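Engineer: Got a predicted structure here, sequence first:
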Amino acid sequence: MAAIRETLNLKEKQGLPLTVETPSHYRNPIGKYVVKRNSNCISCGLCAELCPYGVHPRYENFSQPLRPLDYRCIGFKCTGNDFYCVKNCPRQALSMGLNPLLKSLGDYRWPGEMIIGHWYMAETGNLPFVDLECSLGYTGGGFDKIRFRVPDSRDRIEISDEEIDTSINLNKRRDSAPERSISLPCYGGGMSFGSTALSVMTGRARAASRLNTLTCTGEGGYPEKLKPYSNHVITQVATGLFGVREETILMAPVVEFKYAQGAKPGLGGHLLGDKVTPEVAKIRETVVGNALFSPFPFHSVYSVEDHKKHLDWIKEVNPNALVSVKVSTPTDADMVAVGSYYAGAHIIHFDGCYGGTGAAPDIAKKNIAMPIEYAIPKVHRFLIDEGLRDKVCLIVSGGIRNAMDVAKAIALGADGVVIGTAELVALECIRCGNCESGRGCARGIATTDPELSCMLPEEWVEQRIVNMYMAWRKQWCELLRQYGMKSIKELVGRSDLLVHLDYLDQEERKSYQPAVKQKMVL
């Protein structure tokens with residue numbers, strides 16, 4: 001672990017290792033499989049003795065059997081093992097099968113298995129040992145149809161994770177602003193004070209500090225509790241200008257102008273009145289219980305020249321801040337990127353459709369912005385043609401859910417990505433889609449309700465997010481090893497390593513398909 005810290009500038013905390021097991025807050029975590037015990041059980045303890053995964057907990061001086069911890073069960077893979085509990089039970093009291101909750105948990109973009117897999121990574125910091133499909137959804141398009149080519153075994157290099165560089169540089173302009181790099185090829189997206197609980201915002205900032213990366217305030221202002229982590233917190237300036245203050249701009253390593261959001265371009269922002277508590281109203285300088293709207297455009301920006309004045313304003317206030325420009329993905333995204341570069345941007349952040357939380361309307365997410373997988377290569381190639389690709393940091397977001405989505409985006413041409421929903425899933429979000437309501441989030445994540453938001457201690461939030469990203473890093477390191485790379489920077493623009501299933505014949509496609517799902521047997 002010391003070698004990882006030296007390479008990545010990651011921080012241990014209070015003598016603890018970077019990844020610490022951080023269990024679920026809930027008594028009965030959801031798993032892929034269910035293990036049932038019927039009334040034939042005589043509590044002989046054989047199952048607890050045999051199972052190496054701890055599915056059958058048993059405590060001394062406790063005669064009755066405890067509920068199986070079936071989220072640890074490896075399922076049908078176990079049927080051939082000598083320790084398979086169902087086969088070895090002398091009373092035939094045990095049965096095992098797929099969890100019927102998988103049919104109702106999640107959606108096509110975030111299937112149940114992907115959600116459960118992220119919960120496991122956030123708990124342990126490791127990849128799941130249960131056969132969970134964490135990298136693919138069921139959308140029938142996008143990153144689910146894009147796969148990495150089967151690697152040539154001769155390209156593989158045997159080096160440790162500590163020797164692989166996953167850092168990215170944010171300032172490629174080599175101007176008067178300081179150099180800035182982050183240790184992972186991703187950072188946290190904007191989630192404003194008012195959209196999520198304060199403990200979630202603070203926990204995300206603490207995780208960014210531990211991981212030497214960044215998180216973003218969103219457009220809701222800069223709560224006091226974020227100030228100890230200010231060197232890792234992006235201040236966002238959005239069209240509503242809520243909470244924008246000179247003091248927070250002076251603290252920020254990066255200032256982000258949000259011109260549009262990929263999930264709802266042309267619609268602006270909307271915070272419902274029941275989320276505007278006294279604390280939210282104070283920091284946004286508005287009225288308690290009053291719904292807040294952000295206009296779609298900055299009404300002071302109607303040209304590249306106006307855009308440059310915006311960026312020059314920030315550079316005048318804080319010459320040490322990098323400037324990021326967040327836009328959606330119009331058909332002329334390539335021209336927008338070049339215009340932003342000449343206006344002075346260090347980071348160009350494109351946000352594709354399918355981004356955003358459950359607060360974004362489906363009609364907007366599915367019909368307005370360009371999917372990010374189309375925008376990335378378009379912008380990447382145009383910047384190369386203009387001789388600017390090595391002078392600007394291209395960051396993307398919008399429906400990037402897991403470590404392999406991150407790697408695919410980089411191979412298409414991005415330098416790094418912004419992550420939003422996955423960080424909330426690490427906190428046991430179940431994707432119910434009630435993010436816009438004050439008490440709608442039953443898990444206390446996307447809420448300002450004081451009773452619900454206190455469910456999530458910021459230390460727990462911090463460690464779950466750290467664990468998830470460290471599990472992702474293991475996937476990136478293995479992928480880079482397979483292709484003979486020592487740095488994530490070598491993967492940028494390597495679209496030759498990708499295939500699209502629609503362009504493969506039926507026989508070729510078989511090698512890229514996930515395993516067939518087992519039928520439910522109970």
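Structural biologist: Noted; the coordinates are in hand.
Engineer: Lys408 reaches Ile146, doesn't it?
Structural biologist: Yes: counting by CB atoms under 8 Å, Lys408 does reach Ile146; the two are 5.3 Å apart. The C-beta positions use only the backbone N, C-alpha and C, and glycine is treated the same way.
Engineer: Quick check: neighbours shared by the two?
Structural biologist: Residues touching both Lys408 and Ile146 (CB atoms under 8 Å, 6 or more residues apart in numbering) are Glu373, Leu498.
Engineer: neighbour-wise, which of these two wins?
Structural biologist: Lys408 (25 against 21; other CB atoms under 10 Å).
Engineer: Which of the helices or strands spans that one?
Structural biologist: helix 403-412 (DSSP states H and E).
Engineer: Any figure for the gap between Trp119 and Gly203?
Structural biologist: 16 Å (CB to CB, to the nearest Å).
Engineer: likewise Glu316?
Structural biologist: Going from Glu316 to Gly203 by CB to CB gives 33 Å.
Engineer: Tell me which of the two has more neighbours.
Structural biologist: Gly203 (26 against 8).
Engineer: Correct me if wrong, but that one is in a strand.
Structural biologist: No: using DSSP: H, G, I helix; E, B strand; the rest coil, the assignment for Gly203 is helix, not a strand.
Engineer: SS state for the nearest residue in space to it that is not next to it in sequence?
Structural biologist: Using CB to CB, 6 or more residues apart in numbering and skipping the chain neighbours, the partner closest in space to Gly203 is Val461 (2.5 Å). Under three-state DSSP, Val461 falls in the helix class.
Engineer: distance of the residue most central in space within the chain from Cys441?
Structural biologist: Compute the mean C-alpha point of the chain, and by CA atoms, centre = their mean the closest residue is Ala422, 3.2 Å away. Distance, Ala422 to Cys441, using CB to CB: 16 Å.
Engineer: cool, and Arg204?
Structural biologist: 16 Å.
Engineer: Likewise for Lys227?
Structural biologist: 26 Å.
Engineer: Those two: which is more packed in?
Structural biologist: The neighbour count for Lys227 versus Cys441, taken as other CB under 10 Å, is higher for Cys441 (28 against 13).
Engineer: for the more buried one, what are its contacts?
Structural biologist: Cys432, Asn434, Cys435, Thr447, Leu452.
Engineer: who's in contact with the helix or strand following the helix holding Lys408?
Structural biologist: Where DSSP H and E defines the elements, the next helix or strand beyond helix 403-412 is strand 416-419. Here strand 416-419 makes contact (CB under 8 Å, 6+ apart) with 168, 182, 185-189, 216, 349, 351, 393, 395-397, 400, 405-406, 409-410.
Engineer: one step back: can you tell me which helices and strands the helix holding Lys408 packs against?
Structural biologist: strand 146-148, helix 372-385, strand 416-419, helix 458-482, strand 498-500 (3 or more CB pairs under 8 Å, 6 or more residues apart in numbering; DSSP states H and E).
Engineer: can you do 6 Å?
Structural biologist: helix 458-482 (3 or more CB pairs under 6 Å, 6 or more residues apart in numbering; DSSP states H and E).
Engineer: got the angle between the helix it packs on and helix 403-412?
Structural biologist: Here helix 458-482 runs at an angle of 50 degrees relative to helix 403-412 (axes from the mean of the first three to the mean of the last three CA atoms, to 10 degrees).
Engineer: Name the surrounding residues that touch helix 458-482.
Structural biologist: 19-20, 22, 121-122, 125-127, 151, 156-157, 161, 164, 166, 184, 199-200, 202-203, 206-207, 210-211, 403, 407, 423, 426-427 (CB atoms under 6 Å, 6 or more residues apart in numbering).
Engineer: Same question for stretch 172-191.
Structural biologist: 8-9, 166-171, 204, 212-216, 218, 236, 320, 322, 346, 391-393, 397, 406, 416-420, 423, 469, 488.
Engineer: how far does that stretch stretch from start to finish?
Structural biologist: 26 Å (CA to CA, to the nearest Å).
Engineer: for stretch 482-489, same thing?
Structural biologist: 15 Å.
Engineer: residues of that stretch that come out buried?
Structural biologist: Gln482, Tyr483, Met485, Ile488, Lys489 (16 or more other CB atoms under 10 Å).
Engineer: Same question for stretch 450-467.
Structural biologist: 452-453, 455-456, 458, 460-467.
Engineer: where along the stretch 151-300 of the chain do the strands fall?
Structural biologist: Per DSSP state E, counting those that start in this stretch, the stretch 151-300 of the chain carries strands over the ranges 168-169, 181-182, 186-188, 215-216, 233-238, 254-258, 269-271, 292-294.
Engineer: Just put those in a markdown table and tack on distance to Gly31, mean neighbour count and mean pLDDT.
Structural biologist: Compiled in a markdown table, the strands of the stretch 151-300 of the chain are given as follows (distance: least, CB to CB, whole Å; neighbours: other CB atoms under 10 Å; pLDDT from 0 to 100):
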| stretch | distance to Gly31 | mean neighbour count | mean pLDDT |
| --- | --- | --- | --- |
| strand 168-169 | 35 | 20 | 96 |
| strand 181-182 | 33 | 18 | 96 |
| strand 186-188 | 27 | 26 | 96 |
| strand 215-216 | 30 | 28 | 95 |
| strand 233-238 | 35 | 27 | 90 |
| strand 254-258 | 38 | 25 | 92 |
| strand 269-271 | 36 | 21 | 66 |
| strand 292-294 | 40 | 17 | 70 |
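Engineer: now the ones you listed as CSV including distance to Lys282?
Structural biologist: Converted to CSV, those look like this (distance: least, CB to CB, whole Å):
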stretch, distance to Lys282
strand 168-169, 36
strand 181-182, 32
strand 186-188, 24
strand 215-216, 21
strand 233-238, 18
strand 254-258, 22
strand 269-271, 14
strand 292-294, 13
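Engineer: quick one, which of those strands is nearest to Tyr222?
Structural biologist: Of all these, it is strand 233-238 that lies closest to Tyr222, at 6.3 Å by CB to CB.
Engineer: Give the partner strands of the closest one in its sheet and their orientations.
Structural biologist: Neighbouring strands of strand 233-238 in its sheet, by DSSP bridges, are strand 215-216 (parallel), strand 254-258 (parallel).
Engineer: List of residues touching it?
Structural biologist: With CB under 6 Å, 6+ apart, strand 233-238 has contacts from 190, 205, 214-219, 226, 244, 248-249, 252, 254-258, 294.
Engineer: what's the distance between that strand and the middle of its chain?
Structural biologist: Between the mean C-alpha point of strand 233-238 and the mean C-alpha point of its chain there is a distance of 18 Å (CA atoms, centre = their mean, to the nearest Å).
Engineer: again, but for stretch 169-184
Structural biologist: For stretch 169-184, the separation from the chain centroid amounts to 22 Å (computed by CA atoms, centre = their mean).
Engineer: now stretch 18-32
Structural biologist: With CA atoms, centre = their mean, you get 18 Å for stretch 18-32.
Engineer: Tell me the buried residues in it?
Structural biologist: For stretch 18-32, by 16+ other CB under 10 Å, it's Leu18, Thr19, Thr22, Pro29, Ile30, Gly31, Lys32.
Engineer: so which of the residues you listed comes closest to Lys308?
Structural biologist: Leu18 (41.2 Å).
Engineer: From Asp175, how far off is that closest one?
Structural biologist: The gap separating Leu18 from Asp175 is 33 Å, by CB to CB.
Engineer: Ile348 too?
Structural biologist: 15 Å.
Engineer: Of the two, which one has the most company?
Structural biologist: Neighbours were counted for Ile348 and for Asp175 using other CB under 10 Å; Ile348 has more, 25 against 13.
Engineer: tell me which strands and helices the helix or strand encompassing the more buried one is in contact with?
Structural biologist: For Ile348, the element it lies in under DSSP H and E is strand 347-351. For strand 347-351, the packing partners by 3+ CB pairs under 6 Å, 6+ apart come out as strand 322-327, strand 393-397.
Engineer: Name the strands paired with the shortest one and say parallel or antiparallel.
Structural biologist: Read it as strand 393-397. strand 347-351 (parallel), strand 416-419 (parallel).
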